[in-house]
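*Asks:* Coordinates only, no sequence provided:
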C-alpha cells in the first residue's frame with residue numbers, strides 16, 4: 001500500500017501536475033446529518049466534491065449499528081457519481097485530523113474497494129489554509145461520472161459473530177472514559193468488548209492535528225498476530241487502521257457495526273473498567 005498521507009504542499013503540486021487528484025471533502029458533524037454539506041458549500045478546496053458520512057459512507061442505522069457499511073451497489077453508485085476511477089488519484093480531507101469521515105472514506109476506498117492511490121490530507125483543511133491554499137464556495141464543479149465497478153474485499157472487515165468466536169485482539173478507538181464505561185454519551189450501554197485494548201484515535205495525532213511520525217506510531221500501536229479495530233459505530237476505528245498503514249504495519253480488520261451493534265444482542269458480553 002502506498003503512503004496514505006499527503007501534505008498540503010504535496011497536494012498543491014499534485015493539483016498543478018499532469019494527474020491531478022479527485023478531491024473529496026468529508027467534513028461531518030455527528031448528530032447533524034446536514035452539517036457536512038453545509039460546510040462544503042460555504043468553503044472547500046478548489047474542485048473538491050462532497051462525500052457525506054451518513055448518506056454516502058454508511059447504510060441506514062439499525063441492527064447493524066449507527067454507521068453500517070452501505071450496500072456494495074449503493075457505494076459503487078456513489079463512486080461513479082463522483083467520477084472516481086482506479087486510474088485517478090484520490091485525496092480525502094476533513095477538519096478533524098481525519099478522525100471522522102476522512103479516515104472512513106480512506107478505508108472504504110483503499111481497503112474495501114481496492115483503489116490503488118488514496119491519500120488523506122494530513123492536518124485537513126486547516127493545514128491547507130496554513131499553507132496559503134485558497135478555498136472556493138458553492139457548487140463549482142461539474143462531475144463526469146465514471147463506470148468503475150470495484151472488486152470489493154470482504155476479508156478487510158469482520159462481523160459480530162465472527163469476532164465473538166475468535167481470540168483476535170480488539171482495538172477500541174473510543175476515549176478511555178467511554179472504554180471504561182465511566183460515561184456513555186451516545187449508546188444505551190456503557191463499556192467495551194471483553195478482551196479489547198483502548199487506543200483512542202486522538203492519540204494518533206500531534207497537538208496540531210497532524211499524524212505522529214511512522215516510527216512513533218509503530219512504537220505506540222497495539223501489536224498482535226491478528227487485530228480488529230472497532231469504535232462506537234465503525235468510523236473512528238478507521239483512523240486507527242489508517243495509523244497502522246502510516247506506520248507500515250499490517251492492517252487490522254474493521255468491525256463496522258462496532259459497539260453500537262455489539263450491544264444490541266444482550267447475549268454478547270460487556271466489560272467495564274480497565
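*Replies:* Received, thanks. Everything numeric in this text was worked out from a predicted model, so none of it was measured.
*Asks:* Which residue ranges of the protein form helices?
*Replies:* 8-15, 35-42, 72-81, 101-106, 124-130, 160-164, 176-180, 214-220, 237-247, 258-262 (DSSP state H).
*Asks:* how close does the residue positioned nearest the centre of the chain get to residue 28?
*Replies:* In the chain, the C-alpha closest to the average C-alpha coordinate belongs to residue 104, at a distance of 1.9 Å (CA atoms, centre = their mean). For residue 104, the distance to residue 28 (CB to CB, to the nearest Å) stands at 9 Å. C-beta: built from backbone N, CA, C; applies to glycine.
*Asks:* Quickly list what's touching both of these two.
*Replies:* Counting by CB atoms under 8 Å, 6 or more residues apart in numbering, the shared contacts of residue 104 and residue 28 are residue 53.
*Asks:* Give me the neighbour count for the nearest residue to residue 264 once chain neighbours are set aside.
*Replies:* Using CB to CB, 6 or more residues apart in numbering and skipping residues adjacent in sequence, the residue nearest residue 264 is residue 63, 6.1 Å away. Burial of residue 63, expressed as a neighbour count using other CB atoms under 10 Å, amounts to 9.
*Asks:* Surely the residue nearest to the centre of the chain touches residue 52?
*Replies:* No: Residue 104 lies out of contact with residue 52 (CB atoms under 8 Å); the separation is 11.1 Å.
*Asks:* Where does pLDDT dip in the stretch 151-274 of the chain?
*Replies:* In the predicted model, the stretch 151-274 of the chain carries no residue with pLDDT under 70.
*Asks:* my read: residue 242 touches residue 104, true?
*Replies:* No: between residue 242 and residue 104 no contact is recorded; they are 9.5 Å apart, counting by CB under 8 Å.
*Asks:* So the residue nearest to residue 264 versus residue 228, what's the distance?
*Replies:* Per CB to CB, residue 63 is found 20 Å from residue 228.
*Asks:* now swap in residue 205 and tell me
*Replies:* When CB to CB is the yardstick, residue 205 and residue 228 sit 22 Å from each other.
*Asks:* More neighbours: which of those two?
*Replies:* Under the neighbour definition other CB under 10 Å, residue 205 and residue 228 were set side by side, and residue 228 has more, 24 against 20.
*Asks:* residue contacts, the more buried one?
*Replies:* Residues near residue 228 by CB under 8 Å, 6+ apart: 158, 163, 168-171, 252-255.
*Asks:* And residue 6, by the same measure?
*Replies:* Residue 6 sits next to 14, 91, 119-122 when contact means CB under 8 Å, 6+ apart.
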